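Trainee: Next input, structure requested:
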Amino acid sequence: MSLDFFVDCFANGQPKAFKRSAFDSIFGEYVVERTVGFSRLRYPDQAGGAEVYIDDADEIGCVMFNHCGGDLFWQGVYEFVKAIDGVIWWANVDHISAVANVDVLKQLPAMFVDENANPTVIANGQELVEAIQRS
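Mentor: Residues are numbered from 1 along each chain as shown. So this is what the prediction gives:
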């Protein structure tokens, strides 16, 4: 899938940094290339992977994924967003997003939860794929 999507964290509607170690603990073993601000993921099933744009700092503000796919990858994204209490969002006519914890919705800026938004609470990677496909 060549969709660009982002993972961010918020507290009281304001951006909130998260630990790079959360990304590394979930995706680290699948990194096959890493340069400043970029990592490439490949999964052993050869069906999954991603290009990831992520800072090299200990505290991260946002991650962008693209050219991605595979069941293991999508499950990893779900586990990642759940671990950091983050939000997954992608550009569309409306501001479309997904969270792994309903309580995160209370922390998001208005554009994620107002009448023009379509937030989805997901329970696994497959539900994230379905939310993206619906948009």
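Trainee: which residues touch residue 22?
Mentor: 80, 83, 84 (Cβ atoms under 8 Å, 6 or more residues apart in numbering). Glycine gets a C-beta too; all of them are placed from N, C-alpha and C.
Trainee: Give me the pLDDT value at it.
Mentor: On pLDDT, residue 22 comes in at 97.
Trainee: distance of it from residue 91?
Mentor: 24 Å (Cβ to Cβ, to the nearest Å).
Trainee: What strands flank the longest strand belonging to the chain, and is each parallel or antiparallel?
Mentor: Secondary structure of the chain per DSSP state E: the longest strand is strand 62-69. Strand 62-69 has the following sheet partners, assigned by DSSP bridges: strand 5-8 (antiparallel), strand 49-54 (antiparallel).
Trainee: who touches the lengthiest helix in the chain?
Mentor: In the chain, taking DSSP state H as the definition, the longest helix is helix 71-84. Contact with helix 71-84 is made by 7, 9, 18-19, 22-23, 25-27, 30, 41, 43, 45, 47-50, 65, 86-88, 98-101, 122, 124-129, as judged by Cβ under 8 Å, 6+ apart.
Trainee: Generate a PyMOL selection restricted to the buried subset of those.
Mentor: PyMOL command restricting those to the buried ones, with burial defined by 16 or more other Cβ atoms under 10 Å:
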select buried, resi 7+9+18+22+23+26+27+30+41+43+48+49+50+65+86+87+88+98+99+100+122+125+127+128+129
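Trainee: Show me the contacts of helix 71-84 that map onto strands.
Mentor: Those of the contacts of helix 71-84 lying in strands (DSSP E): 7, 18, 19, 41, 49, 50, 65, 87, 88, 98, 99.
Trainee: So the residue lying farthest from the centre of the chain: helix, strand or coil?
Mentor: Largest separation from the mean C-alpha position in the chain: residue 115, at 22.5 Å (Cα atoms, centre = their mean). Following DSSP: H, G, I helix; E, B strand; the rest coil, residue 115 is assigned to coil.
Trainee: what about this structure, any weak spots by pLDDT?
Mentor: 1, 93-95 (pLDDT under 70).
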